[in-house]
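Engineer: Structure of the sequence below:
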Amino acid sequence: MIENANPVRKIIHLCAVKCGVEPAEMYSSSRRAVTILPRQVACFVAVSKLGASSKHVGRVMNRDHSTVLHAVARIEQRLRNGCEKTQKLVSDVWEAYHKPLPPTVKINEVATIEKRVAPPVPTVDVCDEIKKLRARGLPVNRIAERVQADEFFVARMCGVQFWKGRHTNEVQT
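Structural biologist: Coordinates of the predicted model:
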């Protein structure tokens, strides 16, 4: 999968790694400054060096082709103005593109923006505290804040059903 990955995705991944950005952020709609330059460099390298069409690059990056053309123009302008950081990044990415990736690196075919991490499992003391606070009539969100536990876990402990982040006092069956 690494060697046969979409070349544009490989360039996007390399740009993200070189700039210290999560690869998923390259596909997001974020306009943060830390993601703009790597995204624009990826567009530039894919179109100018690799020869991919702006339409194809835009489709891979969830962008319009005109956005890709704008990114290419911005990087060309920075290179004409002698921006060393941009020049180094473009050359590093292009060199890295031709080197084989280490076997531990995986390029996701579908970028995921959210990272879901399982919350730590509360101890028995926390479970007892949850039951005591619920007996006092505190709502689930306040209990979760006090014991510093996941709100969904607290809701399950209290027998409260959640629906899209809101809880009701109905007991789960």
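
Engineer: So, low pLDDT: which residues of this protein?
Structural biologist: Counting by pLDDT under 70, the chain shows low-confidence ranges at 1-5, 100-124, 150-154, 156-173.

Engineer: Tell me how this structure divides into domains.
Structural biologist: The domain map for the chain lists 7-98, 124-168, with the assignment taken from automatic domain parsing.

Engineer: Compute the distance between the closest residue in space to L69 that isn't next to it in sequence and H65, please.
Structural biologist: Taking CB to CB, 6 or more residues apart in numbering, and ignoring the residues beside it in sequence, L69 has S54 as its nearest neighbour in space, at 5.2 Å. C-beta here means a position set from N, CA and C on the backbone, and glycine is covered the same way. Taking CB to CB, to the nearest Å as the measure, S54 falls 4 Å from H65.

Engineer: Check R9 too.
Structural biologist: Counting by CB to CB, the gap from R9 to H65 is 17 Å.

Engineer: okay but V21 is in contact with A33, surely?
Structural biologist: No. Shown here, V21 and A33 do not form a contact pair, counting by CB atoms under 8 Å, at 10.9 Å.
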